[in-house]
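[1] Compute the structure for the input listed below.
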Amino acid sequence: MPNRFENKVAIVTGAGSGIGAATVRAFVGEGARVVAVDSVGEKVAETAAGLPDGAVTTITGDVAQPATMGEAVRTAVDTYGRLDVLVNNAGTFTSGDITEIEPEDWRRVIETDLSAVFYGTRAALPHLRETKGSIVSTSSVSGMSGDWRMSPYNAAKGGVSNFTRAAALDNGEHGVRVNAVAPGLIWTDMTQQQAQNEELKQAFAERIALGRGGQPEEVAAAILFLASDEASFITGAILPVDGGTTASNGQPPQA
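    Numbers count the residues shown, from 1 in each chain. Next comes the predicted model:
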């Protein structure tokens with residue numbers, strides 16, 4: 001449905017690549033103006049390149065710092081006059097045995113993947129309550145159940161999912177909807193190491209009902225749906241975008 005976001009303004013974090021970049025392009029394609037936030041200036045500039053003049057304003061900053069999200073909200077309101085959608089998408093990752101993970105790596109993942117969702121939500125809510133807007137955060141199937149050697153990421157994404165539910169309860173009376181997507185294996189910059197390992201790719205494919213990893217544009221489509229008026233009676237939802245990964249109970253295929 002074209003132009004669902006005509007005259008609407010969105011903030012998208014982690015906008016320099018992958019799901020975030022695809023989401024920026026999708027919003028602009030449907031009429032929105034976007035404040036695109038990323039920690040790497042060159043990458044977020046690449047996202048904005050080629051999009052219509054004035055449609056995207058870029059911010060370079062660390063979403064784990066509350067000031068960055070405050071700046072993003074101020075920029076949206078000062079530049080475009082309003083704020084309708086916040087997409088908390090920025091994320092990072094580390095792995096290893098719990099005894100091997102350094103405290104600074106734990107803090108980095110928790111701050112970027114979870115605390116930044118709180119910072120962005122807190123900064124945006126006064127304006128979203130005025131416009132009866134919505135928030136969509138990027139959780140993960142790793143926030144719905146555990147993985148081997150991924151405890152920081154599991155903890156952060158589990159927090160995103162339950163924070164989403166709590167924020168939905170707190171803001172329904174203000175007309176603000178709060179939801180999350182839970183991607184499975186999506187081919188982004190963060191998953192390129194997996195993309196080079198054919199044995200690992202095959203193992204993933206065997207666990208995914210559709211037999212393949214997803215594309216960032218497929219997650220962006222789900223984000224736009226949840227942010228749109230088509231989802232007007234949906235709040236507090238965690239929508240898997242995982243090709244059927246979470247449809248399985250974990251047992252192997254049986255004859």
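[2] tally of neighbours for Met69?
    Met69: 29 surrounding residues under other CB atoms under 10 Å. Backbone N, C-alpha and C define where each C-beta goes, glycine included.
[3] give me the element it is part of.
    Here Met69, judged by DSSP states H and E, is contained in helix 66-80.
[4] Show me what counts as buried in that helix.
    Thr68, Met69, Gly70, Glu71, Ala72, Val73, Thr75, Ala76, Val77, Tyr80 (16 or more other CB atoms under 10 Å).
[5] I'd assumed Asp229 was in contact with Ser134.
    No. Applying CB atoms under 8 Å, one finds Ser134 not in contact with Asp229, separated by 9.3 Å.
[6] List the residues that contact the nearest residue to Leu83 once chain neighbours are set aside.
    Among residues not flanking Leu83 along the chain, His127 sits closest, at 4.1 Å (CB to CB, 6 or more residues apart in numbering). Residues near His127 by CB atoms under 8 Å, 6 or more residues apart in numbering: Val73, Ala76, Val77, Arg82, Leu83, Gly133.
[7] okay, the residues you listed in TSV with distance to Ala15 next?
    Listed next are the contacts of His127 as TSV, based on distance: CB to CB, whole Å:
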residue	distance to Ala15
Val73	15
Ala76	13
Val77	18
Arg82	19
Leu83	15
Gly133	18
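[8] Let me know the closest of those to Asp105.
    Distance to Asp105, by CB to CB, is smallest for Val73 among these, at 28.7 Å.
[9] Can you tell me the closest non-neighbouring residue to the closest one?
    Nearest non-adjacent residue to Val73 (CB to CB, 6+ apart): Ala123, at 4.5 Å.
[10] pLDDT at Phe204, what is it?
    You'll see Phe204 listed with a pLDDT of 82.
[11] re the thing from before, any figure for the gap between the residue nearest to Leu83 and Val73?
    Applying CB to CB, to the nearest Å, the value for His127 to Val73 is 6 Å.
[12] shared neighbours of the two, anything?
    Counting by CB under 8 Å, 6+ apart, the residues touching both His127 and Val73 are Leu83.
[13] How about the backbone phi and psi for the residue nearest to Val73?
    Dihedral pair for Ala123: phi -70, psi -40, per degrees, to the nearest 10.
[14] contacting residues around Ala72?
    Applying CB under 8 Å, 6+ apart, the residues contacting Ala72 are Ile11, Thr13, Val35, Val37, Ile59, Gly61, Gly120, Ala123.
[15] Narrow the residues you listed to those in helices?
    Among these, the members falling in helices (DSSP state H) are Gly120, Ala123.
[16] Pick out whichever of the contacts of Ala72 sits closest to Asp97.
    Among the contacts of Ala72, and counting by CB to CB, the member closest to Asp97 is Thr13, at 29.7 Å.
[17] Phi and psi next, for the closest residue to that closest one other than its chain neighbours.
    Excluding the flanking residues, the one nearest Thr13 by CB to CB, 6+ apart is Ala90, at 4.0 Å. Backbone torsions for Ala90, taken as degrees, to the nearest 10, come to phi -60, psi 140.
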